[in-house]
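> Structure, please.
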Amino acid sequence: MKNYIFLCLTLVIGFSFDSYSQQSKINNADKKYNNYAYVDAIKTYEKVAEKGYKSEDMFKKLGNSYYFNSDFEGAAKWYGELFAMNSEIEPEYYYRYAQSLKSIGDTSKANKILDEFNAKNKNDNRAKLYKEDVNYLDQIKANSGRYKIQDAGINTKYSDYGSFVSNNKLYFASARDTGNFSQRKHKWTNEYFTNLYFADIDAETNTTSKVSKIKNVLNTKFHDASPAFTKDGKTIYFTRNNYIDGKKGKDDNKITLVKIYKATLVNDQWTNVTALPFTSDNYSTAHPALSPDEKTLYFASDMPGTIGQSDIYKVSINSDGSFGTPENLGKTINTEGKETFPYVTSENEIYFASDGHPGLGGLDVFVGEFDRHGKVANIQNLGADINSPKDDFAYIIDPTTRQGFFSSNKDGGLGSDDIYTFLETRRLKCIQQLYGTVTDVVTNDILPGTKVTLYENQDILETVIADGSGNYVLPVECGKTYNVRAEKENYETKEVSVTIDKTTGKTELPIALTKNKCRVTVGDDLGKCFGIKMIYFDLDKSNIRPEAAIDLEKILAVMKDYPSMKIDIRSHTDSRATHQYNEGLSDRRAKSTIKWLISNGIDKNRLTGKGYGETQLVNRCADDVPCTEEEHQMNRRSEFIITAL
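Now for the predicted structure:
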């Protein structure tokens, strides 16, 4: 990607008549370099170098001239000459040299240079990212093989880049208009200035048709690029050199930078072209991208407060059409290098191009997620399908069809930059469904309307309400551990942890809630109402077991909460032994329970009780029926029937 298409769009205009006058003096080459005429500067510097002249300063400028034009092979050559003369130079040259080496396939040497860069500049965010992920190539490999990519069918031998889809049309920038003999060229790249074009898109095949140039006020004689339309197609934001109404704006160094402009469609004509209020003559703003709700504009800039060469910012769009104060997205996404060409989707993701995050060389495309605080997290390289050792950028995608476009100057293209179309065949994320039914722990009744919240590291990811069948569904990522919290009125809040399998599919997590308050009526079984287990007794015993005492504490607490409540305690036995014996045993158990409650503060006038022996069995275990011990124990129980409130 030529450097003019992201931020350093300085306006250095010259007429190209193929009449370049050879220069041999190094000061003339420096003058060209300082005026951003890198193509001309390269010619002069290289002629001097061919005569055996060596200079650290010249090798730096030669390397930079190639690097700023994304010719990494040339950059690697001259940075190599620089390092051969002196390895103790500014840390930034280590990073540029490493990027250039990666772009020509010398990854091993590039990583060694990055190790030196890290040692010399530990506070640089790029160094930290590299140190934290020295095996970044493994992640890139794992993220590869997910796309079907083909030429978009609109490319020329000139630069074509920066696409946007609106109303079944693909809009993009191109330098294909060579015009007449005096057509202006940009001395930075020696290419013609870019204008905005469009082509119709076949929705099924994502292919394009005949290309047309936009013939209205959106195009000027200088750079016009990177459009972004509102959904209704009536507003466009785009990048342009600081030029309007025939006048150029210049910074303090007499350089014309770039700004984001806005235009509106009135009676099918674009009008009211204005620079956005936060732009400036003294810094660049470029490559606008709208949030799905169109309330936020994302863009790249080198405005004061920028961390690196260009950062990604956001600014709110107010309901009256005014704008808030731009905010830097922070160090989780921005580095000391270049971050540019943002694109935000309805899935809370931001795609962007960067040469500061670990990649394959040049600009790579990355994706990050917005957390609930609006910060970008979990940034990943899209892999070697989209990315290459050259510049890859301007990625846009339809979250539903998974089709999109991106730009690149990778090998095999028609021009210096080309537009490619793609189909994502496998999501970068492994997404599962976490689902389940919320029920009452005692009655197994479904609990519709339950609030179910998904947490990761104490951050709320999503909240849903259980449907009429008590069911909930939450999207989760494979291999991660989450906490799930269920909340419903009159029930105790429950939180459970779940680890999702590493493969795609579904994970079931049923949730059973316990009542914390129960609206009781006469005739209810207090034990069941409050989720209290039955009071069990040992065979032939009427003493209170320790675990039974724990449950009786719950009965005790309820009766203290309801001072007028009266209960009838009904004790039961299993069918073993005689009817007479069982009746006496159950009566002793009922009296034992009553005695325990009285000893713990309940008035005896609130308590009645009776033993029913084996007359009310809860299962098949009658006389002479073979049953397990567990089945018999189910019949040895006490019930707590409310007789008054």
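
> So what pairs up with the residue nearest the centre of the chain in the strands?
Nearest to the mean C-alpha position of the chain, by C-alpha atoms, centre = their mean, lies residue 369 at 1.5 Å. Note on residue 369: beta-bridge partners by DSSP bridges are residue 349, residue 377.

> Can you classify residue 549 by secondary structure?
helix (DSSP: H, G, I helix; E, B strand; the rest coil).

> Contacts only, for it.
By C-beta atoms under 8 Å, 6 or more residues apart in numbering, residue 549 lies in contact with residue 596. (Each C-beta comes from the backbone N, C-alpha and C, glycine too.)

> Distance check, it against residue 86.
Per C-beta to C-beta, to the nearest Å, residue 549 is found 84 Å from residue 86.

> do the same with residue 325
Residue 325 is 44 Å from residue 86, by C-beta to C-beta.

> Over to residue 357?
Distance from residue 357 to residue 86, by C-beta to C-beta: 29 Å.

> Neighbour count: those two, which is higher?
Higher neighbour count among residue 357 and residue 86: residue 357, with 24 against 10, using other C-beta atoms under 10 Å.

> where in the stretch 1-150 of the chain is pLDDT low?
Within the stretch 1-150 of the chain, the stretches with pLDDT under 70 are 1-25, 29, 32, 35-37.

> Same check on the stretch 151-300 of the chain?
178-191.

> make it 50
181-182 (pLDDT under 50).

> now the strands for it?
160-166, 169-174, 184-186, 191-192, 195-201, 208-213, 224-229, 235-241, 243-244, 247-248, 258-266, 269-275, 285-290, 296-301 (DSSP state E, counting those that start in this stretch).

> Which elements pack onto the second one?
Packing contacts for strand 169-174, counted by 3 or more C-beta pairs under 8 Å, 6 or more residues apart in numbering; DSSP states H and E, involve strand 160-166, strand 195-201, strand 224-229.

> and what of the last one?
Taking 3+ C-beta pairs under 8 Å, 6+ apart as the contact definition, the neighbouring helices and strands of strand 296-301 are strand 285-290, strand 311-316, strand 339-344.

> JSON lines for these, including distance to residue 572?
Conversion of those to JSON lines gives the following (distance: least, C-beta to C-beta, whole Å):
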{"stretch": "strand 285-290", "distance to residue 572": "70"}
{"stretch": "strand 311-316", "distance to residue 572": "69"}
{"stretch": "strand 339-344", "distance to residue 572": "66"}
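
> Mean neighbour count and distance to residue 435 added to these, as a markdown table?
Shown next, in a markdown table, are the helices and strands packed on strand 296-301 (neighbours: other C-beta atoms under 10 Å; distance: least, C-beta to C-beta, whole Å):
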| stretch | mean neighbour count | distance to residue 435 |
| --- | --- | --- |
| strand 285-290 | 26 | 34 |
| strand 311-316 | 22 | 34 |
| strand 339-344 | 26 | 29 |
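
> quick one: which of those strands is nearest residue 79?
strand 339-344 (22.3 Å; C-beta to C-beta).

> which residues are contacting the closest one?
Looking at strand 339-344 with C-beta under 8 Å, 6+ apart, the contacting residues turn out to be 6-7, 162, 226, 286-287, 289-292, 296, 298-300, 308, 310-312, 333, 350-354, 356, 363, 393-397.

> ditto for stretch 299-312
6-7, 125, 260, 278, 280, 283-289, 298, 313-315, 326, 328-329, 331, 333-342, 350, 352, 356.

> try 7 Å this time
Residues outside stretch 299-312 that contact it (C-beta atoms under 7 Å, 6 or more residues apart in numbering) are 6-7, 260, 283-289, 298, 313, 326, 328-329, 331, 333-342, 352, 356.
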